[in-house]
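> curious how this folds, go ahead:
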Amino acid sequence: MRIPILIAAAALLLAVPAQAKMPWVKKAQEAGFAEVKDCKACHVGMAKKGGDMSERGKFLLDMKAKKNAAEVDLAWLKEYKGK
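All right, here's what the predicted structure looks like:
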C-alpha cells in the first residue's frame, strides 16, 4: 500500500519542475521562434532560478530590467540579434 503512494508522490514531485516553464517554450514557438525547442534555448544546463543563462536568456533578462517589467515578454525575441 505504501509503495504505490510513494511512487505516485515521487512522480508528481519530478513532473512539476519539468513542466514549470514549458508554457514559455510553447509561447515562443507560437510567436514564430521555432528554434526554441526546450529550456536550453535560454538556460545553460538545468533551468533554475539564478542559474546560468545563454546569450538569448541574458538578452531577455536585460530587456526585462531595461523595461522594468515584472516578467519576461517573449515578443522581445524579435529584437534579439544573436544566434
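> residues near the nearest residue to Met63 once chain neighbours are set aside, how many?
Nearest non-adjacent residue to Met63, counting by C-beta to C-beta, 6 or more residues apart in numbering: Trp76, 4.5 Å away. C-betas here are computed from N, CA, C, even on glycine. For Trp76, the number of neighbouring residues by other C-beta atoms under 10 Å comes to 16.
> what do you get for Met46?
10.
> just say helix, strand or coil for it.
coil (DSSP: H, G, I helix; E, B strand; the rest coil).
> next one: Glu71
Classification of Glu71 by three-state DSSP places it in coil.
> can you pull the contacts of it?
Neighbouring residues of Glu71 by C-beta atoms under 8 Å, 6 or more residues apart in numbering: Lys64.
> distance check, it against Arg2.
41 Å (C-beta to C-beta, to the nearest Å).
> and Phe33, by the same measure?
Taking C-beta to C-beta, one finds Phe33 at 45 Å from Arg2.
> quick one: which of those two has more around it?
In this view Phe33 and Arg2 are compared by other C-beta under 10 Å, and Phe33 has more residues nearby, 18 against 6.
> which residue comes closest to the more buried one once chain neighbours are left out?
Spatial nearest neighbour of Phe33, excluding adjacent residues (C-beta to C-beta, 6+ apart): Leu77 at 5.4 Å.
> isn't Val36 up against Val25?
Yes - counting by C-beta atoms under 8 Å, Val25 is a contact partner of Val36 at 5.8 Å.
> poorly predicted segments of this protein, please.
For the chain, the stretches with pLDDT under 70 are 1, 4-21, 47-50, 83.
> let's go with 50 and repeat that
15-20 (pLDDT under 50).
> done for today, thanks.
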